[in-house]
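1. The sequence and its predicted three-dimensional model are supplied below.
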Amino acid sequence: MKKRVRVWAAGVSLALSSLLSMSSAQAAPVVYGFDSLQDGAHVVNQLAGLSFANAQALKAGQSLNEFEFPPRSGDTAVFDDGGALEILFAQGVYSVGAYFTYVEGLSFLAYDAGGNLLGTSSSLFDTNLLTSGEAGSQVNEFIGWSDSSGRIARVVIQGSGQGASLVMDDLTVDFGRTVPEPQTWALVLLALASAGLARRRLFS
């Protein structure tokens with residue numbers, strides 16, 4: 001009898017573990033580095049689900065002055081080329097942010113699909129360059145915005161009106177929960193079926 005109870009409990013445990021692992025995988029944000037881009041490349045739609053405006057990739061040791069604007073990871077960052085840097089999402093997202101090094105204070109504005117302003121975040125300093133930033137500042141300051149309803153459709157990162165005032169790295173986006181892949185559901189259903197079979201055997 002005790003052995004049957006253990007078998008049934010193991011089946012239930014497997015089902016719950018599958019559900020929990022599925023949920024945690026869905027909630028993980030996506031981090032976009034820019035190291036795959038060539039130095040000087042205009043960033044438009046190279047990253048699936050994202051569209052950029054006024055964005056250009058710079059590589060350390062080439063066009064990027066890494067002694068003032070060190071990338072947070074890898075060797076590439078994106079700067080505001082000719083105006084405010086904009087990012088448009090193919091679907092509404094729950095949060096978006098990135099790591100910025102800047103020569104003047106910047107604003108991070110989030111909009112919904114109708115163009116309505118959801119909220120604004122601002123940099124902590126007027127400049128946070130590595131060697132000549134304000135006292136107390138650090139390079140690669142994280143700035144972003146979250147929306148619990150997943151309505152963020154576009155963000156605008158505004159430094160200088162003419163651009164060339166900031167670099168961005170490790171763009172981090174939370175797309176929220178998605179529909180599980182078919183094989184994930186199959187694993188869960190198999191675990192539940194096994195638990196049910198074991199329970200019928202236990203009480204028959």
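-> Looks like it arrived, so ask away.
2. Name the strands paired with the helix or strand containing residue 90 and say parallel or antiparallel.
-> Element membership of residue 90 [criterion: DSSP states H and E] is strand 85-93. Strand 85-93 sits in its sheet next to strand 50-53 (antiparallel), strand 152-158 (antiparallel), going by DSSP bridges.
3. what about this structure, any weak spots by pLDDT?
-> Residue ranges of the chain with pLDDT under 70: 1-27, 177-204.
4. all strands for it, in order.
-> With strands called from DSSP state E, the chain shows them at 30-32, 50-53, 55-59, 76-80, 85-93, 95-102, 107-111, 117-122, 141-146, 152-158, 166-174.
5. mind giving me the domain split of this structure?
-> Annotated domains of the chain cover 2-25+181-203, 30-174 [automatic domain parsing].
6. Pipe those into a markdown table and attach mean neighbour count per row.
-> Heads up, the C-betas are built off the backbone N, CA and C, glycines and all. Below are the domains of the chain laid out as a markdown table (neighbours: other CB atoms under 10 Å):
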| stretch | mean neighbour count |
| --- | --- |
| domain 2-25+181-203 | 14 |
| domain 30-174 | 18 |
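7. So residue 169 versus residue 142, what's the distance?
-> In this view, residue 169 and residue 142 are 10 Å apart by CB to CB, to the nearest Å.
8. Same check on residue 99?
-> 5 Å.
9. Just send the strands paired with strand 85-93 back as a markdown table, with distance to residue 130 too.
-> Compiled in a markdown table, the strands paired with strand 85-93 are given as follows (distance: least, CB to CB, whole Å):
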| stretch | distance to residue 130 |
| --- | --- |
| strand 50-53 | 25 |
| strand 152-158 | 20 |
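10. how close does residue 130 sit to residue 100?
-> With CB to CB as the criterion, residue 130 and residue 100 are 13 Å apart.
11. again, but for residue 139
-> Look at residue 139 and residue 100: by CB to CB, they are 9 Å apart.
12. ok, now residue 127?
-> Per CB to CB, residue 127 is found 11 Å from residue 100.
13. Same question for residue 131.
-> Distance, residue 131 to residue 100, by CB to CB: 17 Å.
14. ok, now residue 168?
-> Distance, residue 168 to residue 100, by CB to CB: 6 Å.
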